[in-house]
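Mind folding the following:
(chains A and B)
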Number of protein chains: 2
Amino acid sequence: MSDTAELLELSKEAQDLLFRDARTVGAFADEPVTEEQIRAIHDLVKYGPTSLNTQPLRVTLLRSPESRERLVRHMAESNQDKTRNAPLVAILAYDPDFHEKGEEVFPGRGEMIKGMFADPVGRESAARLNAALQVAYFLIGIRAAGLAAGPMTGFDAQAVDREFFADGTQKSLVAVNIGTPAEGQPPFGRLPRYDYTDVVTEL
Amino acid sequence: MSDTAELLELSKEAQDLLFRDARTVGAFADEPVTEEQIRAIHDLVKYGPTSLNTQPLRVTLLRSPESRERLVRHMAESNQDKTRNAPLVAILAYDPDFHEKGEEVFPGRGEMIKGMFADPVGRESAARLNAALQVAYFLIGIRAAGLAAGPMTGFDAQAVDREFFADGTQKSLVAVNIGTPAEGQPPFGRLPRYDYTDVVTEL
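Residues are numbered from 1 along each chain as shown, chains lettered A, B, ... in the order given. Predicted coordinates:
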């Protein structure tokens, strides 16, 4: 246990569950992940902050072998077997027209949000940034549920979008396998992290 | 307290600290945020997952009034006063050449990472996505430290980059005010969140 852990208000158990002991996992035990669990995760991480509360993240859960295979065929080979065998897989995507729902998420500011993100380039950039924040909240939520996540960006996003979102209503960012880790997972030690002084500057 | 909270392994205290009771804050008490606290936050959230462990996030802490003013002049007016008055402000940015440090973060795969992100368009997209995940981990870490965050995207990112990163070594994504909330903060109720069925589909 790191000395700095004592300086945080979050309990050590929670620090371990969400960050210190949590690992990306590629093989899972044969235990289902229920809709109820995903609902509980959503009901927690929906509170994570986004720009003007826009919440552009959309989630597609792939449970059936058929739906799973539609994703697997567009993935990097190293991601195929683990995605095929995970108890549940989610495609995490963004709504490229999130700005049209501004009034739902920020009552009284709907028109402002619509205007602010009228430019498609700025809108896409904002959608990707805010949905990525929500992807991270979702990964934390999976761990909060006592499950392990296997997030992946190794897939052909344009092909996945044509496959699942041919109407253009979503654009995929990350796929994530969800489940209880198989015994002995992951089989290798943790990769190195940057030290504070490698990445933080004070002015 | 939501019923679904019971379904999670994370304690209710931790759920409240990180998500349910946590709020974006614009005004702070007159209490410093120490380097030690930021080190403790980093030492926790550095474990959050990124693609191939690339960790593209870089953090610039603005403590002096002079450095603060260099940021404030490029911000939307609504963000200026709160940024000027926050105990600490961080510019959260990404390293556009993160792929050159592949060997440091994934020993034995340095050349693979270099090659995989050789294309500047794909590299920028990956940098922005993964740094945004790390921005979210950092926001969670601020809350884990018992502090409140005020993340902001309302600034001229290109101007901020010219001001702070004229050598092109970083590109800004989000600025965040950090501190202990002032009494009565925030002065308004929580904005609505999407329900599960609004954003989740199962196939």
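
hey, let's count contacts and neighbours off CA atoms from now on
Noted.

Does the most centrally placed residue in chain A belong to a helix, a strand or coil?
With distances taken as C-alpha atoms, centre = their mean, chain A has A:Val135 as the residue nearest its mean C-alpha position (2.8 Å). Three states are possible here, and by DSSP: H, G, I helix; E, B strand; the rest coil the one that applies to A:Val135 is helix.

you'd agree it is up against A:Leu57?
Yes. Between A:Val135 and A:Leu57 there is a contact at 7.4 Å, judged by C-alpha atoms under 8 Å.

Against chain B, how distant is A:Arg23?
8 Å (C-alpha to the nearest C-alpha, to the nearest Å).

Output the contacting helices and strands for the lengthiest strand in chain A.
Ranked by residue count and defined by DSSP state E, the top strand of chain A is strand A:171-179. Contacts defined by 3 or more C-alpha pairs under 8 Å, 6 or more residues apart in numbering or on different chains; DSSP states H and E place strand A:171-179 against strand A:88-94, helix A:120-144, strand A:148-152, helix A:157-164.

and after the first one, which helix or strand comes next?
Per DSSP states H and E, strand A:88-94 leads on to helix A:102-105 as the next helix or strand towards the C-terminus.

where does that next one sit relative to the chain's centre, distance-wise?
Its chain's average C-alpha position is 22 Å from that of helix A:102-105, according to C-alpha atoms, centre = their mean, to the nearest Å.

Over to stretch A:89-108?
The gap between the average C-alpha position of stretch A:89-108 and the chain average comes to 15 Å, counting by C-alpha atoms, centre = their mean.

what comes up buried for that stretch?
Of the residues in stretch A:89-108, those with enough neighbours to count as buried (16 or more other C-alpha atoms under 10 Å in any protein chain shown) are A:89-106.

In chain A, where is pLDDT below threshold?
Counting by pLDDT under 70, the low-confidence segments of chain A come to A:1-2.

Need the contact partners of stretch A:104-120.
Among residues not part of stretch A:104-120, those counted as contacts by C-alpha atoms under 8 Å, 6 or more residues apart in numbering or on different chains are A:52-55, A:99-103, A:123, B:191-194.

distance between the ends of it?
Using C-alpha to C-alpha, to the nearest Å, the end-to-end distance of stretch A:104-120 comes out at 20 Å.

List the buried residues for the longest strand of chain A?
When neighbours are counted by 16+ other C-alpha under 10 Å, the buried residues of strand A:171-179 are found to be A:171-179.

before we move on, the earlier item: can you check which residues contact both of A:Val135 and A:Leu57?
Taking C-alpha under 8 Å, 6+ apart as the contact rule, A:Val135 and A:Leu57 both touch A:Leu92.
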